[in-house]
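**Q** turn this into a model:
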Amino acid sequence: MRVVVQRVRSARVSVANDIVGAIGRGLLVLVGFTHDDAEPDLTFMADKIVNLRIFEDPEGKMNDSLLDVGGAILSVSQFTLYGNARNGRRPNYMAAARPEIAQPLYDRFNALLRETGMIVRTGRFGAMMDVELINDGPVTLWLDTDNL
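**A** Numbers count the residues shown, from 1 in each chain. Alright, predicted model coming up:
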């Protein structure tokens, strides 16, 4: 499982010019799955994301988590996180989980995030989406569960 986490002032995702998910302050989370991802990966990542200390405290230091600041999450499925562009010019997506595997993982991951008390908005799995954000910082992290 791979995610790109971006601290945002706001973010939204649209499908065919209709906004399907939007948040104010919080995290935009781009989420990709591979073939062998399972519940431990989802649990680890959900816990990691809501507890990352990447928000500034009153002294201006990154000591606060999403839970501490009461932010929200915009979760967007992103199979291209498993694109391999090492050879040639066209990325290979063979490491990305097929939709019938990835969608239940995505749904479960979002449910785990919600179980923490977070407000979670989503894109639309498998759709062509437009994602807009106002990056805060910018603060952008890449996380994966390859070595769990």
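**Q** identify the single longest helix in this structure, thanks.
**A** With residue count as the measure and DSSP state H as the assignment, the chain has helix 99-115 as its longest helix.
**Q** quick one: residue 76 and residue 129 touch, right?
**A** Yes: shown here, residue 76 and residue 129 form a contact pair, counting by CB atoms under 8 Å, at 6.6 Å. All C-beta atoms are positioned from the backbone trio N, CA, C, and that covers glycine.
**Q** not counting its neighbours along the chain, what's nearest the most centrally placed residue in the chain?
**A** Most central residue of the chain, judged by C-alpha distance to the mean C-alpha position with CA atoms, centre = their mean, is residue 29 at 2.1 Å. Computed as CB to CB, 6 or more residues apart in numbering, the closest residue to residue 29 that is not its neighbour in sequence is residue 75, at 4.9 Å.
**Q** name the nearest residue to residue 20, sequence neighbours excluded.
**A** The spatially closest residue to residue 20, leaving aside those adjacent along the chain, is residue 124, at 5.3 Å (CB to CB, 6+ apart).
**Q** how close does that neighbour sit to residue 14?
**A** Using CB to CB, to the nearest Å, one obtains 10 Å as the distance from residue 124 to residue 14.
**Q** before we move on, what about residue 70?
**A** Shown here: residue 70 relative to residue 14, a distance of 25 Å by CB to CB.
**Q** looking at those two, which one has more neighbours?
**A** Looking at residue 70 and residue 14 with other CB atoms under 10 Å, you find the greater number of neighbours at residue 14, namely 18 against 13.
**Q** what pairs with the helix or strand encompassing the more buried one, parallel or antiparallel?
**A** For residue 14, the enclosing helix or strand under DSSP states H and E is strand 2-15. Strand 2-15 pairs in its sheet with strand 18-23 (antiparallel), strand 26-32 (antiparallel), strand 130-144 (antiparallel), by DSSP bridges.
**Q** highest average neighbour count across those?
**A** strand 26-32 (a mean of 25; mean count of other CB atoms under 10 Å).
**Q** right, and the helix or strand after that strand?
**A** Elements were assigned by DSSP H and E; along the chain past strand 26-32, the next helix or strand is helix 39-51.
**Q** what packs against that next one?
**A** Using 3 or more CB pairs under 8 Å, 6 or more residues apart in numbering; DSSP states H and E, the elements in contact with helix 39-51 are strand 2-15, helix 66-69, helix 99-115, strand 130-144.
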